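Q: Show me how the following folds:
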Amino acid sequence: MNSIVEEMKELYLNDLKPWIVSFSGGKDSSLCLEYTFQMLLSLPREKRHKPVFVLMVNTLAETPMMTRFMEKSMKKIQIFATEMDLPIIAEVSTPDMEDRFFYNTLGRGLLVITPKKRGRWCSHRMKQKPVQKRVRQIVDASPLEMNVGFSVSSAGQLSFFDQDTTRVVQILGTRLDESVARAASIQTHEIKDTKFSRHSQFTDEILCYMPIKYMTNDEVFLSMPTRFSWGIEASELEVQYGQGFFLECGLQDAGEEKKACGMGSRQGCWTCPAMGLNKDNMLEGLISEGHTKLMLLYEWKQQLIEMRNDVRYREFERRQWRKQHQKRLSFLEDEKLQMRLIGDYFNQGMNVSEYMEMKKQKEYEEFDRAEDFEYLPGGLSVKGRKLMLEKFLYIQEETGYDLISEEEVKAIIDYWKFEGYDISRNMVKPTNHSYDGAIVLQKDGFQLNKMQDN
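A: Numbering: from 1, shown residues only. Have a look, this model is predicted:
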């Protein structure tokens, strides 16, 4: 710990570049933040000369337990920093309205992702964009220093140079030992054989520093204090890893192929089906620990997943196809254009009947028609969206959890109105709608899925 704190101290005192500490509340980011606190506390007040932003993202689709833990942690971080006169600014970023989960699924009718789907619209909109937006603001507000920049040698030594575009240093709790995928990601951007790397998005503006890059899971576990500087007990991390976290994370023999400490993390949205459509280890674990009210959320989530393939609650056509079709119709219905074309043909000596016959033949030949009917529906219908919103509001009343804000409910209804549906707020009431399972059509558009035929 002492060597890492000293290393961080050297980096902090090197320049005037503000720091950003990426904080999730997990064991790795908590340990990095602890080292940051210890480093700042070891400095005299006059040398704490630049701000340290502690950034956390709340997707607004976290479990109620995780939301409370996040709020408690960030509040304690700011209180302790203020009391100790540390230049720490704790901030929680949230998605803009158009990027929120419930606005997109219940408002716009976007379908929840499946485990096999490679592109996850929710990950980008709900987790990455909020923090990138705040990071962009911090970078833009940070002056570009000249003649006080630094570079990192292959031996990990810092050296000054005249022109440096780096404006911010970001502290990341990433480690090579986390997973094969994580190691590959680190190595893509790393400055070889150092704890530094270039930011994947802000390549020239942010230098990333990974103080625990080479630590193993067991070393992280052994390095964690019983109580973090800001007042959170290490045992409270069980909200992310489950009861028995510290029993699970005892030292393991190096030769044993056991599950790594903390690999069962519960970080993530409770609404996410990406890890499996029919099983949710995170929610099931919390329910088994006594959070029985989460069963209602579990059932709601499973219904949303089932309705993804229910012909009764899907738009007849895809939004993009509808837009293209409407654009084509608008083009064909442009009377001025038609009259101009007709005039051109008249000038060539063609009569009206010949022109219309040729026009029909041309449209027939160019029309992009399918040889066989294929059922390719659009997103969740407004009927399904309203049903699921009303059931969600019912669950919010029953559990007492703050699941969705009134602001987001109104934004959802406003989007329905934008689509042409006359639905007002007083028409959307908490209701425990029943659901008898999905009716699924095969792609031929006629055959029912016999496993779900009801």
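Q: Quick one: low-confidence residue ranges for this protein.
A: 1, 116-119, 145-164, 187, 189, 244-267, 275-277, 316-376, 442-454 (pLDDT under 70).
Q: where along it do the strands fall?
A: 19-22, 52-57, 88-93, 146-152, 158-163, 168-171, 196-198, 206-209 (DSSP state E).
Q: Report the distance from the second one to the chain centre.
A: From the chain centre to the centre of strand 52-57 is a distance of 16 Å (C-alpha atoms, centre = their mean, to the nearest Å).
Q: Count residues in the vicinity of Cys122, would you?
A: 22 (other C-beta atoms under 10 Å). All C-beta atoms are positioned from the backbone trio N, CA, C, and that covers glycine.
Q: thought it was touching Tyr103?
A: No - if you go by C-beta atoms under 8 Å, Cys122 and Tyr103 don't touch, sitting 11.3 Å apart.
Q: OK, contacts around Leu106?
A: Counting by C-beta atoms under 8 Å, 6 or more residues apart in numbering, Leu106 makes contact with Leu380, Arg385, Met388, Leu389, Phe392, Ile412.
Q: which of these sit farthest apart?
A: Farthest apart among the contacts of Leu106 by C-beta to C-beta are Leu380 and Phe392. That separation is 13.2 Å.
Q: Leaving out sequence neighbours, find the closest residue to Val382.
A: In space, and not counting its chain neighbours, Val382 is closest to Tyr421: 5.2 Å by C-beta to C-beta, 6 or more residues apart in numbering.
Q: Quick check: the one you found vs Met427, distance?
A: Tyr421 sits at a distance of 10 Å from Met427 (criterion: C-beta to C-beta, to the nearest Å).
Q: which of the two has more neighbours?
A: A count of neighbours by other C-beta under 10 Å puts Tyr421 above the other of Tyr421 and Met427, at 13 against 10.
Q: Got phi/psi on the more buried one?
A: Tyr421 adopts backbone torsions of phi -100, psi 130, taken as degrees, to the nearest 10.
Q: In the protein, spot the helix with the most residues.
A: helix 64-83 (DSSP state H).
Q: tell me what that helix is packed against?
A: On a contact count with 3 or more C-beta pairs under 8 Å, 6 or more residues apart in numbering; DSSP states H and E, helix 64-83 meets strand 52-57, strand 88-93, helix 238-241.
Q: What strands flank the second one, and is each parallel or antiparallel?
A: In the sheet, strand 88-93 lines up against strand 52-57 (parallel) (DSSP bridges).
Q: Also compute the angle for the partner strand relative to helix 64-83, please.
A: Interaxial angle of strand 52-57 relative to helix 64-83 (axes from the mean of the first three to the mean of the last three C-alpha atoms, to 10 degrees): 170 degrees.
Q: I figured Leu43 was touching Lys9, is that so?
A: Yes - assessed by C-beta under 8 Å, Leu43 is found in contact with Lys9 at 6.9 Å.
Q: Now do the contacts for Val428.
A: Neighbour list for Val428: Lys386, Leu389, Glu390, Leu393, Val409, Ile413 [criterion: C-beta under 8 Å, 6+ apart].
Q: 7 Å - rerun?
A: Lys386, Leu389, Glu390, Ile413 (C-beta atoms under 7 Å, 6 or more residues apart in numbering).
Q: and the helices and strands packed on helix 64-83, which is most packed in?
A: Highest mean neighbour count among these (mean count of other C-beta atoms under 10 Å): strand 52-57, with a mean of 22.
Q: CA atoms only for that one, dumped as CSV, please.
A: The C-alpha trace of strand 52-57 is given here as CSV (Å, rounded to 0.1, in the frame of the first residue of the first chain):
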residue,chain,number,x,y,z
VAL,A,52,-10.1,15.2,-7.6
PHE,A,53,-13.5,14.3,-9.1
VAL,A,54,-15.0,11.0,-7.8
LEU,A,55,-17.5,10.0,-10.5
MET,A,56,-20.2,7.4,-10.1
VAL,A,57,-22.9,6.4,-12.6
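Q: contact partners of it?
A: Outside strand 52-57, the residues within contact range by C-beta under 7 Å, 6+ apart are 18-24, 33, 36, 70, 74, 77, 87-93, 127, 130-131, 134, 138.
Q: Please parse the chain into its domains.
A: Following automatic domain parsing, the chain resolves into domains at 2-223, 311-316+377-452, 319-366.
Q: Could I get the full set of helices for the stretch 101-250 of the chain?
A: Remark: helices assigned in the stretch 101-250 of the chain by DSSP state H, counting those that start in this stretch are 101-102, 121-123, 129-141, 180-189, 217-223, 238-241, 245-248.
Q: Identify whichever of the ones you listed lies nearest to Leu441.
A: Between the helices of the stretch 101-250 of the chain, helix 121-123 lies closest to Leu441; by C-beta to C-beta that is 24.3 Å.
Q: Give me the contacts around the closest one.
A: Contact with helix 121-123 is made by Phe101, Leu110, Ile113, Cys272, as judged by C-beta under 7 Å, 6+ apart.
Q: didn't Thr399 look like it was pressed against His291?
A: No - under the contact definition of C-beta atoms under 7 Å, Thr399 does not touch His291, with a separation of 9.8 Å.
Q: returning to that earlier point: most neighbours among the contacts of Val428, which one is it?
A: Taking other C-beta under 10 Å as the neighbour criterion, Leu389 ranks highest of the contacts of Val428 with 24 neighbours.
Q: hang on, it packs against Ile412?
A: Yes - using C-beta under 7 Å, Leu389 is in contact with Ile412, at 6.3 Å.
Q: Got a quick PyMOL command for the buried subset of the contacts of Leu106?
A: Restricted to buried positions by 16 or more other C-beta atoms under 10 Å, the PyMOL selection for the contacts of Leu106 reads:
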select buried, resi 380+385+388+389+392+412
